Structures are given as structure tokens and as C-alpha cells.
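J.: sequence plus predicted model, see below.
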Amino acid sequence: MKSRGVHLQYSFQSDGQRGADIQNPLFDLLSALRQHGSIQHAATATGASYRHVWGALKQWEQVIGEPLVLWAKGQPARLTPFAERLLWAEARARTRMTPHIEALRSELERVLAEALDGSHQVLTIYASHDLALPALREVAAEHHRLHIDLRFAGSMDALRALSEGRCTVAGFHVPPLEDARNLFAEALKPLLKPGVHKLIGCTRRTQGLMVARGNPLRLRGLADLASGSVRFINRQEGSGTRLLTDHLLAQQGLSSSFVPRYHDAVEDSHLAVAAAIASGLGDVGVGIAAAAEQFGLDLVPLVEEDYFLVCLKDALEHPAVQQLCEALAGTPMHNAVSALPGYALNTPGEVLSLTRALPWWHFRTRKEAHEARHAAE
């Protein structure tokens, strides 16, 4: 195939847009053809004529320099193997770019909001990847005159951004824990301090093993990942889900070396892991139920975890943070979260102390206990 340039553009429109839903006529057309099985049905689904769809496909074949459709007389038109690969590659690339696309769109929306109405409050949030937060941003903008500048990052990176003053609010998630002898305590305690930071209740969500529909490998838990034939897609280091996976393995007395390719195949978001599995590049990965649903996968539940927002205590008086809490507690947010598989609101918008929301915070980590004993000596 000849080298072809890729041109990107954006526009301002009256209707909103979610996630990485970037429209492209070629991939919209290929998706419709694969989904509906014929040019006639694809034309009906897209509101175009048969002649228009047929001509567009021929034109795209000339532009790309490769056949996209198998044209057999008397047979429904089908995508060529090249077109199938191209469609999946584009879907994976777009999904991988979701956090960056969200950040760019958020910045452009902030600029537009400030230009149109200087009274809008602006709040920068760095947060672990989550599918409820884009909905929160829309609710806040529509009902509370609050623009949320949302930047997705790993949980640890988000908390570091808060400590370095790069954001006002951060988002992270933790599973239920009984004491401080765990990886989450070791990772979180250096970044959060009782009396200095305050949590804001947000959601509870289900994480599990994302697998192909029907779970053909019959996977039931992390212990099943030891087989060398199971292709595991992991999350990046510093992400809350990577920490969760390490934690769940440790609970079963297992190390990361137990899972083949644990450090090799890595993606940066729940959706990117789901896209890799749906495209056949992997068999299983840890992720949220909503991401599995979006890509037609099944989920083997592992744990319910709490997703919190956090800010400095002094920031609670800021009008933008107060509007954030109101948006979380309102009916529109309740409706939005109810539509997400595996999600539920959990003390939404309520200000919580670290030690109240995370009871294990009272206990010392092994490192803290060692330092205390050393100081006593």
C-alpha cells in the first residue's frame, strides 16, 4: 500500500461528543458494512443510497490503493481481510488515544466556555481512567456552569499531580481492605495525609477478567492465568488497576512472574485492554464491566472497588469544588451512572475523611512500623 497522509480536524457543534467517538466516513462505512452484511443494508443504516455507498467504497479503494470489499456476483459484499485488519487497527488506535482525545476536547471546551461566559468555573481533575467521569463533566457543564478540565492518568500519577499542584482534584480507586499490610497502603500513604486531604465520595464499580463472549477458555480467576497459552493484557505501571492486579495476586500468594507476559503486553486504559481482547490480540485482561460491555466482552467479576475524588482540605471552600459535589449528588449524575454496567453511586458528593472512608488507614504499614521501631531505638 502506498504511503498515505492522515489529516486531523475538529469542529464546534451544538451537540456534545463522548469518549473517542471521532467520526470518519471511511470507518463509519466499513463498520456499517461489516455490521449489516450488505451494501443495501449498510446504505439503509447510514441513510444513504446504494449508489452513494457503492461509489464511496470504490473511491476509498482508489485513495488507499487496496481492495476493501470482496465483490462477488450474486453474493453479498464482504470486507476484505485487509479492510478487517484496518478497521480493528483504527479502533484500537482510537481507543488507546481516548485519554488524550478527552484532554484535548476538554481544553478546547474550556477555551470556548471562557470565551462565551467568564462566569463559568473551571476545575482541573487528574484521574485514573474511568467511564463515569466524562458523564460527570457533561452534567457539571450543563447543570452547574462548571467546566471540568479532565486529564486521565494512572492513580499514582494523578495523586502526584495533586501533590505537585498541577490539579485541584485527583481521582483514584481502592478495593475493600482489612488492614494496612497491603500494596495499596504502601503506595497511597506517602501521597495522602489525614487532615491535609479530604475525599469526595463518587462511585463503586466492578472490576474483573474481561474475556471473549462466552468465555471460551473457561477462566474463573487470576490463578487460571498461569497457562502459557493464555495471552494476558496488562495495565501500565502506576495505574490503579495494575496495582489492583498485583494486590489480588499477592492475596493468593502469587507473584507477577506467575503470569506469562505480565510485563510485556500493556495498555493505558480499560477500553484499550478491551479493544485488544476484542480484536484477538489477547485473551484476557483486568478491567471494569462497562469497558467489557462496550466491546462485546464478558466479565468474570473479581472485586467491587470504590472510586474516590480527593482534594486539599482548603480547596473544599472553592466554588468549583462545591459545584463538583453538587453535580455528583444530583439526579442527572444518578441517571448517567445508572446507565453504566457495573457502576453505582457511593456517597456521591459527600466529603469524607481518609480514616473514615479507608478504615485501614489507622494501621501502620510495614515500612512505617519499621521506621517507628528504628526511631525508638
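T.: Perfect, thanks for sending it. Residues are numbered from 1 along each chain as shown.

J.: for the protein, which spans come out with low pLDDT?
T.: 1-23, 73-74, 106, 110, 113-119, 362-377 (pLDDT under 70).

J.: tell me where it has strands.
T.: Assignment of strands within the chain using DSSP state E yields the ranges 69-70, 78-79, 121-127, 146-152, 169-174, 197-211, 232-235, 266-267, 284-288, 298-312, 343-345, 351-352.

J.: of the ones you listed, which is nearest Leu136?
T.: Leu136 lies closest to strand 146-152 among these, at 6.9 Å (Cβ to Cβ). Placement of C-beta: from N, CA and C, glycine included.

J.: the closest one versus strand 169-174: what angle between them?
T.: If you take axes from the mean of the first three to the mean of the last three Cα atoms, to 10 degrees, strand 146-152 sits at 50 degrees to strand 169-174.

J.: so how many other residues sit close to Phe258?
T.: 14 (other Cβ atoms under 10 Å).

J.: what's the first-to-last distance across stretch 342-361?
T.: 26 Å (Cα to Cα, to the nearest Å).

J.: buried set for that stretch?
T.: Within stretch 342-361, the residues that count as buried by 16 or more other Cβ atoms under 10 Å are 342-343, 345-349, 351, 354, 357-358, 360-361.

J.: stretch 45-53 too?
T.: By neighbour count on 16+ other Cβ under 10 Å, the buried set for stretch 45-53 is Thr46, Ala48, Val53.

J.: list just the nearest of those to Gln40.
T.: Nearest to Gln40 among the buried residues of stretch 45-53, counting by Cβ to Cβ, is Val53 at 8.4 Å.

J.: so who does that closest one touch?
T.: For Val53, the contacting residues are Leu29, Leu33, Ile39, Ala42, Ala43, Thr46, by Cβ atoms under 8 Å, 6 or more residues apart in numbering.

J.: excluding chain neighbours, what is closest to it?
T.: Nearest non-adjacent residue to Val53, counting by Cβ to Cβ, 6 or more residues apart in numbering: Ala43, 4.4 Å away.

J.: that neighbour: how many residues sit nearby?
T.: Using other Cβ under 10 Å as the criterion, the residues surrounding Ala43 number 21.

J.: and it, how close does it get to Leu29?
T.: From Ala43 across to Leu29, the span is 10 Å (Cβ to Cβ, to the nearest Å).

J.: returning to that earlier point: the strands of the chain: which one's closest to Gly253?
T.: Taking the strands of the chain one by one with Cβ to Cβ, strand 298-312 is closest: 16.1 Å.

J.: Throw the strands of the chain into CSV and include distance to Ala180, thanks.
T.: CSV is the format used below for the strands of the chain (distance: least, Cβ to Cβ, whole Å):
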stretch, distance to Ala180
strand 69-70, 60
strand 78-79, 54
strand 121-127, 24
strand 146-152, 28
strand 169-174, 12
strand 197-211, 17
strand 232-235, 24
strand 266-267, 28
strand 284-288, 23
strand 298-312, 17
strand 343-345, 26
strand 351-352, 18
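
J.: select, out of those strands, the one closest to Gln252.
T.: Of all those, strand 298-312 comes closest under Cβ to Cβ, at 11.0 Å.

J.: with that, I have no additional questions.
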